[in-house]
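>>> whatever this is, show me its structure:
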Amino acid sequence: MADNLPQSDLNDHKDVALQTEDAQDNHAGAVTSVMQSATVFPIIWTPRFIIIFCLLLAGGLSGANMLTTGWLNQYYPAGWVLIAYSVVNLGGWIAVNKCACSPWVRLGSIFGCLWAILMGLMFALSIFPVKPYAILLINTTAAASSALLACFICLSIARTPLQRWDRCFFVLAPIIGGTLVAVFFLYAPAKIHSFLLLKEYIVTAELWICTAIWWLRVSCWRRQPGPAFLLGIAPVIQIMFMQPANSYNETTVFFAQIMLLSLLLATLRILQCELRH
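Numbering: from 1, shown residues only. Below is the predicted model of the structure:
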């Protein structure tokens, strides 16, 4: 029968067969290219830590705004909000202490727990004033700033090589800080000279040194950039927006929450680093 077919029909059958083979080859090539593309361009998954960090940051900023508005509407005292933040920070430092691999981080977390307790006590004094109120407040603030300074020293040393500038910094910082405290105290008006004023200057100097520990050392920015920014900005916020500590207004309440939130985010970053090691 094939021999009896016209030559044109045979050619048509050959063309159809060739087209079918070409279509199959093209389909196989497309499947192969898709598989190669899947191999070359894998699916990118967002790390869980980044998601948690961003959600906590966004939720914390929004929550600070709403809680400040609630305080302005006199729904609750500002001290209760700040105590709640301090309790959460205390939980974060306890978690760091439990998971710490470095002895410096473990020691720093202990001072961090002490700082959170003292800050909670300082905020509680605004709700339950106890006489002598001013003396208790300044002593608690001074103890909290000292604990924060010790915490920052320990955390900045952990997994950060002490270079020449770092050693010089730890020698010069207390000398410069002590000198400035003495100068400001001696040049203050004689009628306001008091032991409380001296402690206020000491607290301010300690907070500035806390920031300098992270921001003036290149090794901290290279090895711990996240904690360096978050921990370094918290004392600046406290100096600029939380002085005096016993006065509350809209700016003070909001930025006090931001200060505590930045420390909580830094604690989360340190905890993630310890879990990786």
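>>> all contacts plus neighbour counts: C-alpha atoms, from now on.
OK.
>>> excluding its backbone neighbours, what's nearest residue 65?
Distances taken as Cα to Cα, 6 or more residues apart in numbering put residue 254 closest to residue 65, at 6.8 Å, once the chain neighbours are dropped.
>>> ok, now which ones touch the one you found?
By Cα atoms under 8 Å, 6 or more residues apart in numbering, residue 254 lies in contact with 64-65, 68.
>>> pull out the buried residues from stretch 206-221.
Neighbour-count burial for stretch 206-221, counted by 16 or more other Cα atoms under 10 Å, picks out 206-221.
>>> nearest to residue 162 among those?
Within the buried residues of stretch 206-221, proximity to residue 162 (Cα to Cα) peaks at residue 219, which comes in at 7.8 Å.
>>> quick one: low-confidence parts of the chain?
The model of the chain has pLDDT under 70 over residues 1-46, 243-247.
>>> now the helices for the stretch 1-150 of the chain?
With helices called from DSSP state H, counting those that start in this stretch, the stretch 1-150 of the chain shows them at 7-40, 48-72, 78-99, 103-127, 133-157.
>>> which of the ones you listed sits closest to residue 271?
Residue 271 lies closest to helix 78-99 among those, at 5.2 Å (Cα to Cα).
>>> and the residue nearest to residue 65, how far is that from residue 61?
The gap separating residue 254 from residue 61 is 9 Å, by Cα to Cα, to the nearest Å.
>>> got it, and residue 47?
Distance of residue 47 to residue 61, computed by Cα to Cα: 22 Å.
>>> of these two, which one has the most company?
With other Cα atoms under 10 Å as the criterion, residue 47 and residue 61 differ in neighbour count, and residue 61 comes out ahead with 16 against 8.
>>> so how many other residues sit close to the closest residue to that one other than its chain neighbours?
The shortest distance from residue 61 to any non-neighbouring residue, by Cα to Cα, 6+ apart, is to residue 258 (7.3 Å). Around residue 258 sit 22 other residues, with neighbours defined as other Cα under 10 Å.
>>> for the strand or helix carrying residue 258, buried residues please.
Here residue 258, judged by DSSP states H and E, is contained in helix 250-276. For helix 250-276, the neighbour count (16+ other Cα under 10 Å) marks 252-271, 274 as buried.
>>> what about residue 249, neighbour count?
Using other Cα under 10 Å, residue 249 is surrounded by 13 other residues.
>>> let me fix that: residue 237
Residue crowding around residue 237 was assessed by other Cα under 10 Å; the count is 20.
>>> list the contacts of it.
When the contact criterion is Cα under 8 Å, 6+ apart, the partners of residue 237 are 255-256, 259.
>>> nearest to residue 165 among these?
Checking the contacts of residue 237 against residue 165 by Cα to Cα gives residue 259 as the nearest, at 28.2 Å.
>>> the closest one touches residue 239, doesn't it?
No: in this structure, residue 259 is not within contact of residue 239 by Cα atoms under 8 Å, at 10.4 Å.
>>> circling back: between the helix holding residue 258 and helix 48-72, how big is the angle?
Here helix 250-276 runs at 160 degrees with respect to helix 48-72, directions being taken by axes from the mean of the first three to the mean of the last three Cα atoms, to 10 degrees.
>>> distance of the closest residue to residue 95 other than its chain neighbours from residue 68?
Leaving aside its chain neighbours, residue 95 sits nearest to residue 271 (7.3 Å; criterion: Cα to Cα, 6+ apart). For residue 271, the distance to residue 68 (Cα to Cα) stands at 29 Å.
>>> cool, and residue 201?
29 Å.
>>> between the two, which one's more packed in?
When residue 201 and residue 68 are compared for neighbours, residue 68 comes out ahead with 23 against 19, by other Cα under 10 Å.
>>> contacts only, for that one.
By Cα under 8 Å, 6+ apart, residue 68 lies in contact with 78, 250, 253-254.
>>> how does it look with 6 Å?
Under the criterion of Cα atoms under 6 Å, 6 or more residues apart in numbering, the neighbours of residue 68 are residue 254.
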